[in-house]
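Novice: no sequence for this one, just the structure:
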């Protein structure tokens, strides 16, 4: 866990993007104004939160209500892990480890063997790891009753996140002495470790929490040196990392399911991922207080986020709400658009790109957009793109030099962001160009010829614009010749 207090053609469109969401999070009364740094939630509905001043809170109704427990300390507690409703471990300043076996009624101290602040704790079964300042790492094989020091007192900032994937495989993340992100992995329950350092997009920063899906693929959330947030992803056990930056610093992270992941951060930031951390979308937290940790029940629906001023937020629907999504796509020429369904049978565009191979694509979202970092195409070039000044929910993309008839063309957008800071790092749209398919059925045949012939000499309107293949406003012999020639030539 993270405990640092410290961003004529057929256009067959296939949308390959996860879309961000504005979630439904409700504040609940915590009964304290102390900074809450760690939270645990069991499927039984029992939850615990820890924080400054030795604060320990308990809930028995999935976080709807909370009561204070006597921890026996005034020291800051950074993280908490529970094995069941009764047995759990909390860690904090000065090498403090507290353990309860009676549901939090008593919290006797356990010898840690270190003096640095312990910032994170994680278990898989009875085997667990604990990490903290000076790159301290401890491990336990008896549900936290006793601990062994793997390393301590190194000259560095520390490890702030920990995740035990299995009884033998575990991971830690943090920051080293020269302000690089640092990652550690173990395959023997925490006794021995391998380490890698990395930067967030060539920037210094702190890797404040970590979650792994398997032995190779995982993510870390953190804060870059300028205070912006970052999520880095690896597919080779930390040897290399690919980073995405976010407006606010990020802290705790949790994936109750591969398709349901959450991270929280400064100024009430909450993001959700539905694709193992590749794409992230903003959720509406309803608070501007910093959020430091998040935990969900295994169903991915009931979750808790905790932070400054005793803040506890709760959701019971996995962040469902007003989904930020691509809701429509169209190929636009002049006053006429051809709708391109996002699912099922693709829409068919039957107008020519002209001598320069120009096509205009309008992508409509259900939230206003704030920015798009870039656009690229596999055929031709992107002549430009802009958020429609008259409708900021639309992105207009101009393609030129598209001459790949009967071939796939992929348009890739990067860094699509809505006005709530939801980010889609990558959105792909694939087009299959097939000049002459006027009927829109994806097949070049005599039907296209007959349809164009019947409309000869008509002005283009909503009923016949598909037959205006060269999009000049009138259906004439030029259009007929194009369609007839394409049908004769075949695909």
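Specialist: Looks like it came in fine. These figures come from a predicted structure and were not determined experimentally.
Novice: ok, now how distant is residue 241 from residue 202?
Specialist: Distance of residue 241 to residue 202, computed by C-beta to C-beta, to the nearest Å: 11 Å. C-beta here means a position set from N, CA and C on the backbone, and glycine is covered the same way.
Novice: Give me the more crowded residue out of those two.
Specialist: residue 241 (23 against 7; other C-beta atoms under 10 Å).
Novice: Please tell me I have it right and that one contacts residue 198.
Specialist: Yes: between residue 241 and residue 198 there is a contact at 4.7 Å, judged by C-beta atoms under 8 Å.
Novice: overlap in contacts of these two?
Specialist: Counting by C-beta atoms under 8 Å, 6 or more residues apart in numbering, the common neighbours of residue 241 and residue 198 are 181, 183, 232.
Novice: can I assume the second one is in contact with residue 175?
Specialist: Read it as residue 183. No: using C-beta under 8 Å, residue 183 is not in contact with residue 175; the gap is 10.7 Å.
Novice: Quickly list what's touching both of these two.
Specialist: Common contacts of residue 183 and residue 175 (C-beta under 8 Å, 6+ apart): residue 207.
Novice: Torsion angles phi and psi at the residue nearest the centre of the chain?
Specialist: The centroid of the chain falls nearest to residue 280 when counting by C-alpha atoms, centre = their mean (2.2 Å). For residue 280, the backbone dihedrals are phi -130, psi 140 (criterion: degrees, to the nearest 10).
Novice: now swap in residue 54 and tell me
Specialist: For residue 54, the backbone dihedrals (degrees, to the nearest 10) come out as phi 70, psi 20.
Novice: So it sits against residue 68, correct?
Specialist: No: with contact defined as C-beta under 8 Å, residue 54 does not reach residue 68; the gap is 10.3 Å.
Novice: the more surrounded of the two?
Specialist: residue 54 (22 against 13).
Novice: any idea how far residue 90 is from the more buried one?
Specialist: Residue 54 sits 9 Å away from residue 90, taking C-beta to C-beta as the criterion.
Novice: so what sits against both of these two?
Specialist: The contact sets of residue 54 and residue 90 overlap at 71, 77 (C-beta under 8 Å, 6+ apart).
Novice: looking only at pLDDT, what's the mean for stretch 375-392?
Specialist: Taken as a whole, stretch 375-392 has a mean pLDDT of 95.
Novice: One more: stretch 115-135?
Specialist: 98.
Novice: ok, back up a step: mind putting the shared contacts of residue 241 and residue 198 in CSV, pLDDT and distance to residue 478 included?
Specialist: CSV is the format used below for the shared contacts of residue 241 and residue 198 (pLDDT from 0 to 100; distance: C-beta to C-beta, whole Å):
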residue, pLDDT, distance to residue 478
181, 97, 61
183, 98, 63
232, 98, 55
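Novice: Dump the residues you listed to JSON lines, plus distance to residue 36 and neighbour count.
Specialist: As requested, the shared contacts of residue 241 and residue 198 are arranged in JSON lines below (distance: C-beta to C-beta, whole Å; neighbours: other C-beta atoms under 10 Å):
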{"residue": "181", "distance to residue 36": "25", "neighbour count": "27"}
{"residue": "183", "distance to residue 36": "26", "neighbour count": "26"}
{"residue": "232", "distance to residue 36": "26", "neighbour count": "27"}
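Novice: Looking at those residues, which is nearest residue 163?
Specialist: Comparing the shared contacts of residue 241 and residue 198 against residue 163 with C-beta to C-beta places residue 183 closest, at 11.0 Å.
Novice: Please tell me how far that closest one sits from residue 190.
Specialist: Residue 183 sits 15 Å away from residue 190, going by C-beta to C-beta.
Novice: Just the pLDDT for the residue nearest to residue 465 when sequence neighbours are not counted.
Specialist: In space, residue 465 comes closest to residue 336 once its chain neighbours are excluded; the distance is 4.3 Å by C-beta to C-beta, 6 or more residues apart in numbering. In this model, residue 336 is scored at 92, pLDDT.
Novice: shift numbering so it begins at 817
Specialist: Okay, using 817 as the starting number, the last item reads as residue 1152.
Novice: Could you measure from residue 1152 over to residue 1283?
Specialist: Noted for residue 1152: a distance of 11 Å to residue 1283, by C-beta to C-beta.
Novice: Residue 1268 too?
Specialist: According to C-beta to C-beta, residue 1268 stands 5 Å off from residue 1283.
Novice: now residue 1050
Specialist: The value you get for residue 1050 to residue 1283, if C-beta to C-beta is used, is 53 Å.
Novice: of the two, who's got more company?
Specialist: Just comparing residue 1050 and residue 1283: by other C-beta under 10 Å the higher neighbour count belongs to residue 1283, 25 against 20.
Novice: Show the contacting residues for the more buried one.
Specialist: Listed by C-beta under 8 Å, 6+ apart, the contact partners of residue 1283 are 1166, 1254, 1267, 1268, 1271, 1274, 1291, 1295, 1299.
Novice: on that earlier part again, for the nearest residue to the residue nearest to the centre of the chain once chain neighbours are set aside, what are its contacts?
Specialist: Spatial nearest neighbour of residue 1096, chain neighbours left out: residue 1087 (4.3 Å); criterion: C-beta to C-beta, 6+ apart. Residues in contact with residue 1087 (C-beta under 8 Å, 6+ apart) are 836, 1062, 1066, 1078-1081, 1096-1099, 1238-1239.
Novice: Could you list which of the residues you listed belong to strands?
Specialist: Members of the contacts of residue 1087 lying in strands (criterion: DSSP state E): 1062, 1066, 1078, 1079, 1080, 1081, 1097, 1098, 1099, 1239.
Novice: tally of neighbours for residue 1273?
Specialist: 8.
Novice: got it, and residue 1267?
Specialist: Residue 1267: 17 neighbours (other C-beta under 10 Å).
Novice: Overlap of the contact sets of residue 1268 and residue 1283?
Specialist: Both residue 1268 and residue 1283 are contacted by 1254, 1291, 1295, 1299, under the criterion C-beta under 8 Å, 6+ apart.
Novice: Show me how to select, in PyMOL, the buried members of the residues you listed.
Specialist: Here is the PyMOL command that selects the buried residues among those (16 or more other C-beta atoms under 10 Å):
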select buried, resi 1254+1291+1295+1299
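Novice: pLDDT-wise, what's the bottom of the shared contacts of residue 1268 and residue 1283?
Specialist: Among these, pLDDT bottoms out at residue 1254, giving 87.
Novice: okay but it is in contact with residue 1299, surely?
Specialist: Yes: Residue 1254 is in contact with residue 1299 according to C-beta under 8 Å; the separation is 5.9 Å.
Novice: All the strands of the stretch 917-1066 of the chain, residue numbers only.
Specialist: Taking DSSP state E, counting those that start in this stretch as the criterion, the stretch 917-1066 of the chain contains strands spanning 925-926, 934-940, 943-948, 953-956, 964-967, 974-980, 986-991, 997-1002, 1010-1014, 1021-1028, 1034-1040, 1045-1050, 1058-1062, 1066-1073.
Novice: need these in TSV with distance to residue 894, can you?
Specialist: As requested, these are exported to TSV (distance: least, C-beta to C-beta, whole Å):
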stretch	distance to residue 894
strand 925-926	15
strand 934-940	5
strand 943-948	8
strand 953-956	14
strand 964-967	18
strand 974-980	9
strand 986-991	13
strand 997-1002	18
strand 1010-1014	22
strand 1021-1028	11
strand 1034-1040	16
strand 1045-1050	20
strand 1058-1062	23
strand 1066-1073	11
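Novice: which one of those lies closest to residue 1111?
Specialist: Ranking these by proximity to residue 1111 (C-beta to C-beta) places strand 1066-1073 first, at 5.4 Å.
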